[in-house]
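Participant: What follows is a protein structure lacking sequence information:
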């Protein structure tokens, strides 16, 4: 998508400049942790980052004003910092070792451990702190920005609400992974809290708030963002099982390793034959995934119709999002077209 590609090109130098300034600050305050800082900076700056959240923040601003300012592009860095913070912690929880085509932060930091026998604990401990620092720096960007005190308060308030919602979603995701039975409504609730609200609704809201958007504007944005965010997560789960690890930049077995109850798994357990349901439950209960188990799981999801049903649900949600956008006539028309195209792109992407 050309608008997203243009944003990526424009924001990358700004991210690099941000980390260059921060590195000097870290070197002055705590020179011993510069190698740790370099690890997290490399992670955020990796080309594998989609930059969707920062882009959405600029489009939220444009929905209100009809244009994108330098101010919102600069501030949109905060969306990328918050995203990286949540990814780092998510990778620790999920025990993932690969992200964006490279090592996850807690794995990369192990190489910096002074004591080899404690490298794993060291990596997790330092990664938690590095993630927290990204969150702190995101708030700093708001506090140091040249916007009114009222807008700063609204932006920070929205960030805090987003983080609270995301943590609830993460807690539910962990809980449901341990439960044998989970409902479709519960899976979709996790998608809404853990993905849709933080990856789509919040960035769009932040941009709109910066532009002076009203509560009416934010409600209209929500009607678009939530169904699209859920559709995005369904597609992410599909790629997480059927994608190519090199293309998507992460493992294609992690969801199965963790026993996650995705919509794909839920549908397969509902519609597959008795024999295939037993096999799938056995796969989900194993600690580590084998190649043959992955092949079996893929076959069961396809043959049962779960894959087709999940895609159908995803496409229906995209249409719901586009319909809501079409009805929001008070929002900038050209930006609504861009966001409509983004909705289609989100469910047809391959990475």
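Facilitator: Noted; the coordinates are in hand. Keep in mind that what you see is a predicted model, and the values were worked out from it rather than measured. Numbers count the residues shown, from 1 in each chain.

Participant: how far away is the residue nearest to residue 277 when sequence neighbours are not counted from residue 231?
Facilitator: Computed as C-beta to C-beta, 6 or more residues apart in numbering, the closest residue to residue 277 that is not its neighbour in sequence is residue 269, at 5.7 Å. Where C-beta positions appear, they are placed from N, C-alpha and C, glycine not excepted. The gap separating residue 269 from residue 231 is 21 Å, by C-beta to C-beta, to the nearest Å.

Participant: can you tell me which helix or strand residue 9 belongs to?
Facilitator: Element membership of residue 9 [criterion: DSSP states H and E] is helix 2-29.

Participant: Closest to the centroid, which residue in this structure?
Facilitator: Taking C-alpha atoms, centre = their mean, the centroid of the chain lies closest to residue 199, which sits 5.5 Å from it.

Participant: so what's the closest residue to residue 286 other than its chain neighbours up against?
Facilitator: In space, residue 286 comes closest to residue 293 once its chain neighbours are excluded; the distance is 6.7 Å by C-beta to C-beta, 6+ apart. Residues in contact with residue 293 (C-beta atoms under 8 Å, 6 or more residues apart in numbering) are 256, 283, 286.

Participant: May I see the ChimeraX selection of the buried members of the residues you listed?
Facilitator: The ChimeraX command for the buried members of the contacts of residue 293 (criterion: 16 or more other C-beta atoms under 10 Å) is given here:
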select :256,283
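
Participant: Return the item of the contacts of residue 293 having minimum pLDDT.
Facilitator: In terms of pLDDT, the lowest of the contacts of residue 293 is residue 286, showing 74.

Participant: so where's this protein shaky on pLDDT?
Facilitator: Applying pLDDT under 70 to the chain flags the ranges 247-252, 255, 287-288, 351.

Participant: just to revisit the earlier point, for residue 51, see how far away the residue nearest to residue 286 is.
Facilitator: Using C-beta to C-beta, residue 293 is found at 34 Å from residue 51.

Participant: on that earlier part again, give me the element the residue nearest to residue 286 is part of.
Facilitator: Using DSSP H and E, residue 293 sits in helix 291-303.

Participant: That helix: which residues count as buried?
Facilitator: By 16+ other C-beta under 10 Å, the buried positions in helix 291-303 come out as 293, 294, 296, 297, 298, 300, 301.

Participant: so how far is it off the chain centroid?
Facilitator: Helix 291-303 sits 26 Å away from the centroid of its parent chain (C-alpha atoms, centre = their mean, to the nearest Å).

Participant: what's the next secondary structure element after that helix?
Facilitator: Downstream of helix 291-303, the first helix or strand assigned by DSSP H and E is helix 306-327.

Participant: who are the neighbours of that following helix, in terms of helices and strands?
Facilitator: The contact analysis (3 or more C-beta pairs under 8 Å, 6 or more residues apart in numbering; DSSP states H and E) places helix 306-327 against helix 215-242, helix 263-271, helix 333-348.

Participant: in stretch 324-338, what counts as buried?
Facilitator: Using 16+ other C-beta under 10 Å as the test for burial, stretch 324-338 gives 324, 325, 328, 331, 332, 335, 336, 338.

Participant: Whatever helix or strand residue 175 lives in: how far from the chain's middle?
Facilitator: Secondary structure assignment for residue 175, by DSSP H and E: helix 149-178. Mean-position distance between helix 149-178 and its chain equals 13 Å (C-alpha atoms, centre = their mean).

Participant: Does it pack against any helices or strands, and if so which?
Facilitator: Packed next to helix 149-178, using 3+ C-beta pairs under 8 Å, 6+ apart, are helix 77-94, helix 119-143, helix 184-191, helix 202-210.

Participant: and the angle for it with helix 77-94?
Facilitator: Orientation check (axes from the mean of the first three to the mean of the last three C-alpha atoms, to 10 degrees): helix 149-178 against helix 77-94 gives 20 degrees.

Participant: Let me see the contact set for the nearest residue to residue 315 once chain neighbours are set aside.
Facilitator: The shortest distance from residue 315 to any non-neighbouring residue, by C-beta to C-beta, 6+ apart, is to residue 347 (6.3 Å). Residues near residue 347 by C-beta under 8 Å, 6+ apart: 231, 232, 234, 235, 311, 314, 315, 318.

Participant: still on that earlier bit, of the helices and strands packed on helix 306-327, which is nearest residue 121?
Facilitator: Across those, residue 121 has its closest neighbour in helix 215-242 (27.7 Å, C-beta to C-beta).

Participant: buried stuff in that closest one?
Facilitator: Buried, per 16+ other C-beta under 10 Å, within helix 215-242: 217-218, 220-241.

Participant: Run the chain-centre distance for it.
Facilitator: How far helix 215-242 lies from its chain's middle: 11 Å, per C-alpha atoms, centre = their mean.

Participant: Also stretch 42-54?
Facilitator: A distance of 11 Å separates the centroid of the chain from that of stretch 42-54, by C-alpha atoms, centre = their mean.

Participant: and residue 39, how many neighbours?
Facilitator: Here the count is done by other C-beta atoms under 10 Å, and residue 39 has 21 residues near it.

Participant: Give the closest residue to it in space, chain neighbours not counted.
Facilitator: Using C-beta to C-beta, 6+ apart, the nearest residue to residue 39 is residue 108, at 5.2 Å.

Participant: Might one say that the one you found is in contact with residue 43?
Facilitator: Yes - at 7.3 Å, residue 108 counts as touching residue 43 under the criterion of C-beta atoms under 8 Å.

Participant: So which of those two has more stuff around it?
Facilitator: For residue 108 versus residue 43, neighbours defined as other C-beta under 10 Å are more numerous around residue 43 (26 against 21).
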